[in-house]
Structures are given as C-alpha cells and as structure tokens.
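Engineer: would you be able to build a 3D model of this:
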Amino acid sequence: MKKNIISLLILMAPALAFASGGVHLEKADINLHNKASLQRGARLFVNYCLSCHSAAYMRYNRMGQDLGLTDIQVTDNLMFASEKIGQPMTVAMPASQAKNWFGKKVPDLTVVARARGADWLYSYLRGFYLDESRPWGVNNTVFKDVGMPHVLWDLQGLKKPLYETYTDHDGNEAKRITGFEVAVPGTMTEAEYDKAVNDLVNFMVYMGEPAKLERYTIGIWVMLYLIILFVVAYAMKKEFWKDIH
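Structural biologist: All right, here's what the predicted structure looks like:
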C-alpha cells in the first residue's frame, strides 16, 4: 500500500510542480454566452495569432455558426489564410521553416486553453516585458525565457521591469521584479488591453471545446429526465409493494 502511494506521488510530481510554481495568475472573465466578446476575440486571433499558429481542428464555417456570423461575414472579415469557408484554420508557413526561424515547431492553438487554462493564457498575454538578453527582446512573468515575440505589443505597448535587490536563502544577492513602467505606449489603455486579451482568451476557450454550451444544455435536460424518471419509478415501486408492506 505504501509503495503504491509513493508511486502515485512520483507520477503526480510534475503536475504538482506546475500547479505550485509560485506564479501568480490573474483571473480571466470567461463567458461563452457573450457572442460579442467571442467575435472580438476571433478577430484578434486571426489578425495576431493565425499568421504563425494554426487552429487546425477548427473550421471557419463552424466558428461562424457558433458565433452568430454569416458565411459572408466570416469570409470578408476573418479569413486571411484560407479560400473556402469549410476549410480548417491553418497557416501557410511550413512547420520546417517555423522550426528554422523560431528554434522549434510552432504549436497549434486549438486546444491550448484546455491544456494551459484560461487564467494562465490571460496572465501570459499580459506578462510580457522588455529583456535585452532574450532573442526577441522580451521575457514573460508567467513563461520565463519565452521564445515567442510579443505580438500584441502595438496594442499594449512595451513595459520596462523595475527591480529590487534582496538576499536569497544562501546569502547571495539577487534581483526580483517589483513592478513595471511604460517604456513605449501602445494604442490601448491598460484597461482596454486587458479587455481585449480577455476577449481573445474567451475565444480560445470556446475553440478548445466548441460544443461546451450545447453539452451543458443537454446535461440539464438529462438531469430533468432522471428526476422525472425517479419520481415515476418510486411511484411504481410503492404500487408494486403496497400489498406486501
């Protein structure tokens, strides 16, 4: 028994380490019923993410139907990498070239919200800061030594970290980030950028499980059916056993 518990803890160690990594995550306001937010998020996704990252398990026509858009609206406003409305959201950049340019294969983002979580994505997209030691000139508070450029920098702007010096457990001096100051202003205010990122994450959560709202609706009907079935079954049980009791 003790060996089984130890083995289980060893298997769970990576997940526990990820969950308790000490990174503070901001709360994303996810609302899949808000179609206006999903539409704004889709626009940001195709303009800023779809040039490098694919969403190969999502089709344009399915996205349009779920978001309340016509095929014409999707074609005119959200299709820049495909020609047919029924095609998946792929990119023209070959994976081999992406690996040469970025050092590794660029991941598909269809289910990234399910893999990472909405709060992680929201904090990540808000966590870029200037770091001249990195190849793209930026680092990230959530993903240390990130290999991706800050593609939304024109919206958020660029922020410079403020450091303080402290003594670590070994008695050595080290630096940590205490805050940020604006180095290059963006086209959005901080509140506007936070809302835009929330819309983008909202869309990515939808994209990770498009049938989620439908599943919730079906689940409610199933529960109502089971409640009614229980009442009928209980009444039948009482009828069948009334002469015995």
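
Engineer: quick check: Asn172 vs Met236, distance?
Structural biologist: 75 Å (C-beta to C-beta, to the nearest Å). No exception for glycine: its C-beta is placed from N, CA and C like everyone else's.

Engineer: pretty sure Asn140 contacts Gly127?
Structural biologist: Yes: distance between Asn140 and Gly127: 4.7 Å, which falls inside the contact criterion (C-beta atoms under 8 Å).

Engineer: residues in contact with Ile220?
Structural biologist: Contacts for Ile220 (C-beta atoms under 8 Å, 6 or more residues apart in numbering) come out as none.

Engineer: need phi/psi at it.
Structural biologist: Backbone torsions of Ile220, given as degrees, to the nearest 10, read phi -60, psi -40.

Engineer: relative to Met236, how far out is it?
Structural biologist: Distance from Ile220 to Met236, by C-beta to C-beta: 25 Å.

Engineer: and Gly41, by the same measure?
Structural biologist: 50 Å.

Engineer: who's more crowded, these two?
Structural biologist: Taking neighbours as other C-beta atoms under 10 Å, Gly41 and Met236 compare with Gly41 leading, 24 against 10.

Engineer: ok, the more buried one to Trp241 distance?
Structural biologist: 57 Å.

Engineer: now the element after the helix or strand of the chain with the lowest mean pLDDT, going C-ward?
Structural biologist: Ranking every helix and strand in the chain by mean pLDDT, DSSP states H and E puts helix 2-19 at the bottom, with a mean of 43. Sequence-wise, the next helix or strand downstream of helix 2-19 (DSSP states H and E) is helix 35-44.

Engineer: tell me the strands beside the helix or strand just after that following helix, with direction?
Structural biologist: Sequence order places strand 55-59 as the next helix or strand after helix 35-44, per DSSP H and E. Next to strand 55-59 in the sheet, as set by DSSP bridges, lie strand 88-89 (antiparallel).

Engineer: so for the partner strand, mean pLDDT?
Structural biologist: If you average the pLDDT over strand 88-89, you get 92.

Engineer: if we look at it, which residues are touching it?
Structural biologist: Applying C-beta under 8 Å, 6+ apart, the set of residues contacting strand 88-89 is 46, 50, 54-60, 63, 81-82, 110.

Engineer: so Lys159 is in which element?
Structural biologist: strand 157-167.

Engineer: roughly how far is that strand from the heart of the chain?
Structural biologist: For strand 157-167, the separation from the chain centroid amounts to 26 Å (computed by C-alpha atoms, centre = their mean, to the nearest Å).

Engineer: let me see the domain layout of the protein.
Structural biologist: 24-208, 214-239 (automatic domain parsing).

Engineer: stretch 51-62: how far from the chain's middle?
Structural biologist: 15 Å.

Engineer: hang on, the earlier thing: now, among the contacts of strand 88-89, which is nearest to Tyr193?
Structural biologist: Val46 (18.4 Å; C-beta to C-beta).

Engineer: what separation is there between the closest one and Tyr124?
Structural biologist: The value you get for Val46 to Tyr124, if C-beta to C-beta is used, is 19 Å.

Engineer: check Met204 too.
Structural biologist: Taking C-beta to C-beta, one finds Met204 at 11 Å from Tyr124.

Engineer: more neighbours, these two?
Structural biologist: Between Met204 and Tyr124, counting by other C-beta under 10 Å, Met204 is the more crowded of the two (29 against 21).

Engineer: thank you, goodbye.
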